[in-house]
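Q: Have a look at this prediction, sequence included:
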Amino acid sequence: MAEVLEPSREGIRKAVAVLRAGGIVAFPTETVYGMGCDATNEEALRRLYEIKGRSLNKPFIVGVWSRDYVGKIAEVDERAEKLMEAFFPGPLTLVLKSKGVMPSLLSPKGKIAVRMPAHEVPLQLMEMLRKPIVVPSANLSGRPSLMRWEHVVEELGSRIDAVVKGECKVGVESTIVDLTETPAKVLRVGAVSVESIKKHVEVVVEPRKETYSLSCQVYVFVGERALQRIKEFVDEAEKRGRVVVIAREKITDETIVIGKSAEEYSANLFSAVREAESRRPDIIVIEGVENEAIMDRLRRLAGERVFRV
């Protein structure tokens, strides 16, 4: 079972020892919980791919502890400089041309994804290790991301070596921008808005088709009439089975109240989905919000069952 560590100097030291030995450590980031290994250790990388159940064709994001380090592993052009100046450290991942110094697993097409987290735990891990670590989300591929260390232990504790306690505040993953193309492409909408990125470089958004795998159906209603439509839908759906609602105010006895502001909603969404699924419902109904990153995640949860009302 994974050792649970405090985010203290001693806890960080123990986590670094695990990383040096080729182990897998989960840790908080500003977005969601991550888990990683020494990015230069190919054996550890292969183990992490296996743990996540992730295709080798989907390379991990490489975490760095300074902007200067990016230039050691990737080609940094003027656009990259602008975005790093604006958003590093922070929830933005840049896909750049690789210099070929990292394991080929991380740059199979001559590209490498790089991010500098805005959270002291992964930064301290890398600074003490003196090496980059990969920073994928701490979840099984296809499952929603996790926000709490307790949930990481529940889902992954028997597979990884250590979990560092800590808090994640943003609640959605980093935005991914591919700078190897012109114009640049947003491959994943995330915590940094597309509009914010457009202030610095020209970008286009590439739609995502991936969905999360849950044990029940998910329906999302968004718009001025969302709450009323959810009430009507639940009245009918409860005739077919158990329904859990995730919304910004209480609608039924089975409602998980998620918070009224977009910031609260984002920070609580994945934990609310996990709690809802743990109740073993037949259907989860979610009140959506007008936020591009949140709606991207809700579409991944619900697939085609997203309704504007």
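A: Happy to help now that I have it.
Q: I figured residue 63 was touching residue 133, is that so?
A: Yes - using Cβ atoms under 8 Å, residue 63 makes contact with residue 133 at a distance of 5.2 Å. C-beta: built from backbone N, CA, C; applies to glycine.
Q: Next, show the common contact partners of the two.
A: Residues within reach of residue 63 and of residue 133 at once, by Cβ atoms under 8 Å, 6 or more residues apart in numbering, are 36, 39, 122, 126.
Q: closest to residue 290 among those?
A: Distance to residue 290, by Cβ to Cβ, is smallest for residue 122 among those, at 30.9 Å.
Q: For the chain, which segments are assigned as helices?
A: 9-20, 42-52, 67-73, 78-87, 120-129, 149-156, 194-198, 226-237, 262-278, 292-302 (DSSP state H).
Q: Please list the residues outside the third one that contact it.
A: Which is helix 67-73. Under the contact criterion Cβ under 8 Å, 6+ apart, helix 67-73 has outside partners 62, 64, 76, 80, 84, 88, 94, 96, 98-99, 101-102, 112, 114, 116, 132.
Q: Quickly check the residues you listed for the two that are furthest apart.
A: Most distant of the contacts of helix 67-73, by Cβ to Cβ, are 88 and 101, 19.6 Å apart.
Q: Among these two, which residue is more densely surrounded?
A: Legend: neighbour count by other Cβ atoms under 10 Å for residue 88 and residue 101, higher for residue 88 (19 against 11).
Q: Can you give me the distance of the nearest residue to that one once chain neighbours are set aside to residue 143?
A: Counting by Cβ to Cβ, 6 or more residues apart in numbering, the nearest residue to residue 88 once its immediate chain neighbours are dropped is residue 116, at 4.3 Å. Residue 116 sits 26 Å away from residue 143, going by Cβ to Cβ, to the nearest Å.
Q: ok now do residue 262, which residues does it touch?
A: Contacts of residue 262 (Cβ under 8 Å, 6+ apart): 289, 291, 294.
Q: Likewise for residue 299?
A: With contact taken as Cβ under 8 Å, 6+ apart, residue 299 is in contact with 211, 220, 306.
Q: Neighbour-wise, which one of these leads?
A: Compared across these, residue 220 has the highest neighbour count, 22 neighbours, by other Cβ under 10 Å.
Q: right, and that residue touches residue 288 too?
A: Yes - contact criterion Cβ under 8 Å: residue 220 and residue 288 qualify, at 4.8 Å.
Q: okay, now the domains of the chain?
A: Domain segmentation of the chain under automatic domain parsing yields 3-205, 217-308.
Q: which one of those domains is the most hemmed in?
A: Most buried of the domains of the chain by mean neighbour count (mean count of other Cβ atoms under 10 Å) is domain 3-205; its value is a mean of 20.
Q: for the record, mean pLDDT for that domain?
A: Here domain 3-205 scores 97 as its mean pLDDT.
Q: can you tell me the distance between the two ends of it?
A: Domain 3-205 has its terminal residues 40 Å apart, counting by Cα to Cα, to the nearest Å.
Q: same check, this time on stretch 94-105
A: End-to-end distance (Cα to Cα), stretch 94-105: 17 Å.
Q: before we move on, back to that, where is pLDDT lowest across the contacts of residue 262?
A: Among those, residue 291 has the lowest pLDDT, at 90.
Q: Closest one of the contacts of residue 262 to residue 188?
A: Checking these against residue 188 by Cβ to Cβ gives residue 294 as the nearest, at 13.3 Å.
Q: who touches that closest one in this structure?
A: Residues near residue 294 by Cβ under 8 Å, 6+ apart: 172, 262, 265, 266, 269, 288.
Q: same thing but 10 Å
A: For residue 294, the contact set (Cβ atoms under 10 Å, 6 or more residues apart in numbering) comprises 171, 172, 189, 222, 262, 265, 266, 269, 288.
Q: Which residue, other than its chain neighbours, is closest to the second one?
A: If I follow you right, that is residue 172. Nearest one to residue 172, counting by Cβ to Cβ, 6+ apart, is residue 293 at 4.6 Å.
Q: Now do the one you found, the pLDDT please.
A: pLDDT, residue 293: 92.
Q: So the residue nearest to residue 88 sits against residue 85, correct?
A: No - if you go by Cβ atoms under 10 Å, residue 116 and residue 85 don't touch, sitting 11.7 Å apart.
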